[in-house]
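**Student:** okay, here's the prediction I keep looking at, along with the sequence it came from:
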Amino acid sequence: MKKVLFCFLFMFLICSTAFAMSSIEIEQGSPTEVRDYLVKQLSGKPAFRINNISDALLSFSETREVTGGFMNAQRMTIEETCDFTFTPEGSGTLVTLSDYYEPVAVDGILKSQRVKYNVAGNMETTYLQHLKAQFDGSYRYGFNINTAIYGKNNGLVIISVDKDSPAKLSGLEIGDSIISIDGQIAYMDKKSHLPTVLMDSTKATTSTFLVKKKDGSQITLTMTSAYYSSDGKLFTGLSTVQ
């Protein structure tokens with residue numbers, strides 16, 4: 001919960017699909033508090049630069065070298081820009097994120113065109129869910145997966161299980177693999193480095209998991225996510241196992 005929001009793991013480009021903004025409501029934070037939190041995360045980090053900051057807006061960019069993507073695996077200089085806007089919403093804040101990329105140079109040749117790209121797995125939504133968790137907490141099943149094992153045959157391999165979590169109460173163990181979630185095949189995508197099935201961590205969700213145990217047998221579990229407060233405390237009242 002306390003990890004820096006902008007570690008930018010899983011930041012890989014895919015195809016030039018339509019650009020869209022994402023929004024989320026933060027109930028326990030004012031626009032100023034949310035903006036100041038984001039600024040604090042960026043402070044002292046030379047990789048990032050703040051472009052614009054006001055009561056209602058925070059815009060920052062990062063320029064970096066990558067290989068692969070939309071130009072046939074050429075070496076590219078890519079600039080990512082994140083624009084956050086903050087609107088009062090009840091007692092909290094409605095946060096909207098516009099996250100896009102622009103090729104600055106490809107193989108050393110400057111590119112003048114401005115092309116926007118979506119990121120695999122809807123990273124805008126993922127960023128916002130992490131931000132909301134800092135203020136409002138989150139709903140989680142209580143297991144972590146290995147993000148380096150790819151392929152449909154491997155599933156999502158469990159590397160840790162939280163104490164007293166829905167996953168622990170259901171009998172999920174380290175070394176088990178989640179094969180599907182609500183009928184959708186679950187695995188780590190090699191291009192995006194993201195799970196192919198993303199679950200909403202902002203509300204209680206009940207899902208059915210097909211699990212391959214370490215001994216090769218398969219079982220089906222139905223779990224409801226439990227609430228984790230912003231200070232990390234787990235409330236198991238919403239946790240059910242069938």
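**Tutor:** Done, it's in.
**Student:** what about the helices in the protein?
**Tutor:** Applying DSSP state H to the chain gives helices spanning 31-42, 123-136, 166-170.
**Student:** if you compare those helices, which one is most tucked away?
**Tutor:** Ranked by mean neighbour count, the helices of the chain are led by helix 166-170 with a mean of 23 (mean count of other C-beta atoms under 10 Å). Heads up, the C-betas are built off the backbone N, CA and C, glycines and all.
**Student:** packing partners for that helix?
**Tutor:** strand 156-161, strand 218-224 (3 or more C-beta pairs under 8 Å, 6 or more residues apart in numbering; DSSP states H and E).
**Student:** for the ones you listed, give me JSON lines that also has distance to Asn51 and mean neighbour count.
**Tutor:** Formatted as JSON lines, those follow (distance: least, C-beta to C-beta, whole Å; neighbours: other C-beta atoms under 10 Å):
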{"stretch": "strand 156-161", "distance to Asn51": "37", "mean neighbour count": "18"}
{"stretch": "strand 218-224", "distance to Asn51": "42", "mean neighbour count": "15"}
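**Student:** can I get the ones you listed in JSON lines including distance to Gln184?
**Tutor:** JSON lines is the format used below for the helices and strands packed on helix 166-170 (distance: least, C-beta to C-beta, whole Å):
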{"stretch": "strand 156-161", "distance to Gln184": "12"}
{"stretch": "strand 218-224", "distance to Gln184": "14"}
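**Student:** so which of those strands gets nearest Phe86?
**Tutor:** Closest approach to Phe86 among the helices and strands packed on helix 166-170 (C-beta to C-beta): strand 218-224, 31.6 Å.
**Student:** give me the low-pLDDT residue ranges for the protein?
**Tutor:** Along the chain, the parts satisfying pLDDT under 70 run over 1-21, 68-73, 112-122, 236-242.
**Student:** how many residues are close by Thr85?
**Tutor:** Look at Thr85: counted by other C-beta atoms under 10 Å, it has 19 neighbours.
**Student:** that one and Thr32, how far apart?
**Tutor:** 13 Å (C-beta to C-beta, to the nearest Å).
**Student:** endpoints of stretch 197-213, how far apart?
**Tutor:** 20 Å (C-alpha to C-alpha, to the nearest Å).
**Student:** what's the nearest residue to the residue most central in space within the chain if we skip its chain neighbours?
**Tutor:** Nearest residue to the geometric centre of the chain (C-alpha atoms, centre = their mean): Thr126, 3.1 Å. Excluding its sequence neighbours, the residue lying closest to Thr126 (C-beta to C-beta, 6 or more residues apart in numbering) is Leu198, at 7.2 Å.
**Student:** wait, that neighbour touches Glu124, no?
**Tutor:** No. Contact criterion C-beta atoms under 8 Å: Leu198 and Glu124 do not qualify, at 11.8 Å.
**Student:** and the residue nearest to Gly171 when sequence neighbours are not counted, bridged to which residues?
**Tutor:** Excluding its sequence neighbours, the residue lying closest to Gly171 (C-beta to C-beta, 6+ apart) is Leu221, at 7.6 Å. Counting by DSSP bridges, Leu221 is bridged to Phe209.
**Student:** measure Leu221 to Ile181 for me?
**Tutor:** 10 Å.
**Student:** which residues do these two both contact?
**Tutor:** 208-209 (C-beta atoms under 8 Å, 6 or more residues apart in numbering).
**Student:** and the residue nearest to Tyr227 when sequence neighbours are not counted, what does it touch?
**Tutor:** Spatial nearest neighbour of Tyr227, excluding adjacent residues (C-beta to C-beta, 6+ apart): Phe235 at 4.6 Å. Listed by C-beta under 8 Å, 6+ apart, the contact partners of Phe235 are 226-229.
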